[in-house]
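1. Need a 3D model of the sequence below.
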Amino acid sequence: MGKIKKRKIRVLKIIEPTSGGAAKTAFDILENIDTEIFDVSFIYSTIRSEKRYLDLLPLLRERGITLKEVRMEGRINPVSDLKAFLEIFLYVKRNRFDIVHAHSSKAGFLGRIAAKLSSSGIVTIYTPNAMAIYRHYIYKILERIATFATDVIVAVSDSEAKDILKNKIIKSEKIRVIYNGIDINSMIARRDPERVMKELGIPDKAIVIGSVGRLSRQKDPLTFLEAAQIVLKKYPDSRFIWVGDGELRKDVELSIAKMGMEDNVIVTGWRQDVPDLIAAMDIYVTSSIYESFGYSTCEAMAMRKPVVATDVPGTRDAVINGETGFLVPPGDSESLANSIIRLIEDENLRHLMGMRARERVKKYFTIDRMVKSTEELYITLWASKKERLRKIST
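-> As a prediction, the model looks like this:
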């Protein structure tokens, strides 16, 4: 007599922005999760999206993952939000999921509440990827309201977990830390920085300082520019690159012109060859006022780049001050510039910090480690919930 085949654990993942770090976390899990153990569905929105992630949707379908688009807006819109909530609620109710794992603030709020109202037996997990509580006080209120429908919040760094506790969002026993991870092999594959340097008109011997990210308030590109202005007064032959686009692009370009830095600062927009651009950098900089993890920072570290970063949750878990780079207060362009100058002036220190940076990423921040930890969390929470329900029924 053959063995009885175990039922797969039915998992629904939900995300609102199909872009940025939140999308990368969700898609990395979806691309690598064991579909022999988990029957996975995915709700996503295309209102805020990047082509690189939308292009992956057919590959997810080939893996046997069921896809459903639900239009969700990033901003609060009562009419749109109610419509999205009802769609999610009916979908969860109809498909009887074991676990609902929501990524990002909007999907996190709508998804958790929809799941709990459809069935108290569903395990709800929320990965905020940087809570929106610093945007406006209303977001902190909403996060606290949603905790009634939350079994576990996954923080992607120890400092994000501490930040969640400090803001009294949820009790410590409901927080798990799973570091995000990157594909180190793809980052350290053969790159072509010379092509990028030539394309952008950067002299071969110029020191290149760069950053990758959205041109948004969170990433604080204006502080990056103020630091560049200070550095250029001492090292006028250096070059600064910002890879990315966003709502602040016009402000950034106007500031570059106003500061007279058009020949030294380049904004590339979004590119498909980001690893080649990072490879062309001598120093990687992040000026964010808040983060949950900082994917691009870890990618730069994997490529042996020393990092100058703001001392904010998420980033401070990756960058060890004085070992793999320097941490400075957010919004402090002078401290940012002074740390950049220190690295410009000490080539040996750049190389030493770069080597340490790669070793740290290899030890703590890999996709394999992230996916395995997520799968273990799913299995543990599902088994625990089944046991509790069994005891209640008997």
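2. Help me confirm that V243 is found in a helix?
-> No - going by DSSP: H, G, I helix; E, B strand; the rest coil, the assignment for V243 is strand, not a helix.
3. I'd like the distance from the residue nearest to it when sequence neighbours are not counted to M301, if you could.
-> Nearest residue to V243, sequence neighbours excluded (Cβ to Cβ, 6 or more residues apart in numbering): V212, at 4.4 Å. No exception for glycine: its C-beta is placed from N, CA and C like everyone else's. V212 is 12 Å from M301, where distance means Cβ to Cβ, to the nearest Å.
4. and those two? which has more neighbours close in?
-> M301 (31 against 26; other Cβ atoms under 10 Å).
5. so what pLDDT did Y139 get?
-> At Y139, the predicted lDDT confidence score is 88.
6. In contact with it, which residues?
-> 105, 131-133 (Cβ atoms under 8 Å, 6 or more residues apart in numbering).
7. Greatest separation within the residues you listed: which pair is it?
-> Pairwise distances across these peak at 8.8 Å for S105 and I133 (criterion: Cβ to Cβ).
8. what residues are shared contacts of the two?
-> Common neighbours of S105 and I133, using Cβ under 8 Å, 6+ apart, are 139, 143.
9. More neighbours: which of the two?
-> S105 (25 against 21).
10. what sits against that one?
-> Contacts of S105 (Cβ under 8 Å, 6+ apart): 16, 128, 131-132, 139, 142-143.
11. Can you tell me which of those residues has the most neighbours?
-> Taking other Cβ under 10 Å to define a neighbour, the member of the contacts of S105 with the most is E16, carrying 28 neighbours.
12. Test my guess that it contacts K106.
-> Yes - between E16 and K106 there is a contact under Cβ atoms under 8 Å: 4.0 Å.
13. Name the residues contacting each of these two.
-> 72-74.
14. which of those residues count as buried?
-> By neighbour count, with 16 or more other Cβ atoms under 10 Å, the shared contacts of E16 and K106 hold 72-73 as buried.
15. in whichever strand or helix holds E376, what's buried?
-> According to DSSP states H and E, E376 maps onto helix 367-393. Using 16+ other Cβ under 10 Å as the test for burial, helix 367-393 gives 367, 370-371, 373-375, 377-378, 381-382, 385.
16. Quick check: which ranges of this protein have low pLDDT?
-> Residues of the chain meeting the criterion pLDDT under 70: 1-5, 393-394.
17. if we can go back for a sec, next, format the buried residues of helix 367-393 as JSON lines and append distance to A257.
-> Putting these into JSON lines (distance: Cβ to Cβ, whole Å) gives the following:
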{"residue": "I367", "distance to A257": "40"}
{"residue": "M370", "distance to A257": "41"}
{"residue": "V371", "distance to A257": "45"}
{"residue": "S373", "distance to A257": "46"}
{"residue": "T374", "distance to A257": "45"}
{"residue": "E375", "distance to A257": "50"}
{"residue": "L377", "distance to A257": "49"}
{"residue": "Y378", "distance to A257": "51"}
{"residue": "L381", "distance to A257": "53"}
{"residue": "W382", "distance to A257": "56"}
{"residue": "K385", "distance to A257": "57"}
